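Student: sequence-free structure coming up:
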């Protein structure tokens, strides 16, 4: 029986290895083949098992199916032009149709795909005939990735800023700025998905996916440091005090709950439950929690409507600390169940662009004038919440549930580098527990370890 083993490479990528023994016997020679996606590995495993645990017919190790061979169909021998199915299929036409046919995505996401397609994929691949393997090869994808990374300088500009952009606007000095590694990953994923759809057409438009094994720039190579910023309690106090008075409690609740902006700005009075209980020493105290039931969703026409949170796991219950309760209680007074907890002076919900431009940016600038050496984003308040939990050795599973992450892997991939409490445990596992002090020749005392 063939198996699939998952490995994490040094650059952070995940590879899947299909392993089996020739003939399916214990004495058969061990064989293996790597893949970038679990779906491809699973498909290949089925081919191996169908071939009696031999190499599938016309499969070239480390390369894929032989050019012109279509599994389940045989060799594609028809000459161009003899069949209507051989008519050219332009990448632009296929990509637009594919995005329009996608299911289980929001219209805003569909609009974003079309935007990225227009701005970054069609200028290079728009007129490619997907049926012609000579027009779109892995080396063409690699050249495109490198072009995204280096950008296109404006030859007439005397000066330019070399900081990679998120690909949303043109800046002086560049015809197109270099993109950040994260943006390149997102664009490559879109290209990969479109090409994979062409491979999986019935009948297939292409024998293989030219974007399947592209090495991409690392997102942790130093250029992505701006992606995550953590604030100390002193820095948060400074930032909060520099904010306009009507949003100071909102900023602090962000950090105390770890909610996303789209969730906190959609929070309604009915989502918060406060109860009276008897605390230590018989003294009454207030306990509470909030339920994340909805979030603001941007539509394709740039309007917003309330919808379900980001994922199923994002629907969650968040216990409230006494400090968070004290901040929220005044915001609930005199409001109906469906009224928003945090509102502008006109009583409407805080749209992200308004909060960012009218409150966040001025507050950050004032904090920097007073000595804040960081430039946090709104979402960094959520990151800060996690950093504080990890600093107190809160178990990562509890953090995952509190944040609403779908998988604990997501939590560890994003915040695992902050977990340091395991260092002492590892050291003790290697050297043994300390047994007592000893004094070196210089008179300095050390802990004696069991060897």
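Tutor: Okay, I see it. Only a predicted model underlies this, so the values are computations on that prediction, with no experimental measurement involved.
Student: Residue 205 is in what secondary structure piece?
Tutor: When elements are assigned from DSSP states H and E, residue 205 belongs to no helix and no strand.
Student: since we're on it, how many residues are nearby?
Tutor: Residue 205 has 18 neighbours, counted by other Cβ atoms under 10 Å. Every C-beta, even on glycine, is put in place using the N, C-alpha and C of the backbone.
Student: quick one, what contacts the nearest residue to it once chain neighbours are set aside?
Tutor: Distances taken as Cβ to Cβ, 6 or more residues apart in numbering put residue 198 closest to residue 205, at 4.2 Å, once the chain neighbours are dropped. Residues in contact with residue 198 (Cβ atoms under 8 Å, 6 or more residues apart in numbering) are 89, 94, 130, 204-206, 209.
Student: With residue 290 instead?
Tutor: Counted by Cβ under 8 Å, 6+ apart, residue 290 has contacts 257, 267, 271-273, 317-318, 320, 328.
Student: ok, now residue 360?
Tutor: Taking Cβ under 8 Å, 6+ apart as the definition, contacts of residue 360 comprise 243, 378.
Student: Compute the distance between it and residue 369, please.
Tutor: Noted for residue 360: a distance of 15 Å to residue 369, by Cβ to Cβ, to the nearest Å.
Student: In which helix or strand does residue 330 reside?
Tutor: Residue 330 belongs to helix 322-332 when assigned by DSSP H and E.
Student: Give me the contacts around that helix.
Tutor: With Cβ under 8 Å, 6+ apart, helix 322-332 has contacts from 249, 252-253, 256-257, 269, 272, 274, 285-288, 290, 320, 341-342.
Student: Among the residues you listed, which has the minimum pLDDT value?
Tutor: Lowest-confidence member of the contacts of helix 322-332: residue 285, scoring 79 (pLDDT).
Student: hang on, the earlier thing: between the contacts of residue 198, which is nearest residue 335?
Tutor: Distance to residue 335 across the contacts of residue 198 (Cβ to Cβ) is lowest for residue 94, with 51.4 Å.
Student: surely the closest one meets residue 194?
Tutor: Yes - taking contacts as Cβ atoms under 8 Å, residue 94 lies within contact range of residue 194: 7.1 Å.
Student: out of the two, which sits in the busier spot?
Tutor: residue 194 (22 against 19).
Student: quick one, phi/psi of the more buried one?
Tutor: phi -70, psi -50 (degrees, to the nearest 10).
Student: Could you count how many residues lie near the closest residue to residue 49 other than its chain neighbours?
Tutor: Spatial nearest neighbour of residue 49, excluding adjacent residues (Cβ to Cβ, 6+ apart): residue 2 at 5.6 Å. Residue 2 has 20 neighbours, counted by other Cβ under 10 Å.
Student: residues touching residue 2, list them.
Tutor: Taking Cβ under 8 Å, 6+ apart, one finds 18-20, 45, 48-49, 53 in contact with residue 2.
Student: what's residue 357 sitting at in phi/psi?
Tutor: phi -80, psi -40.
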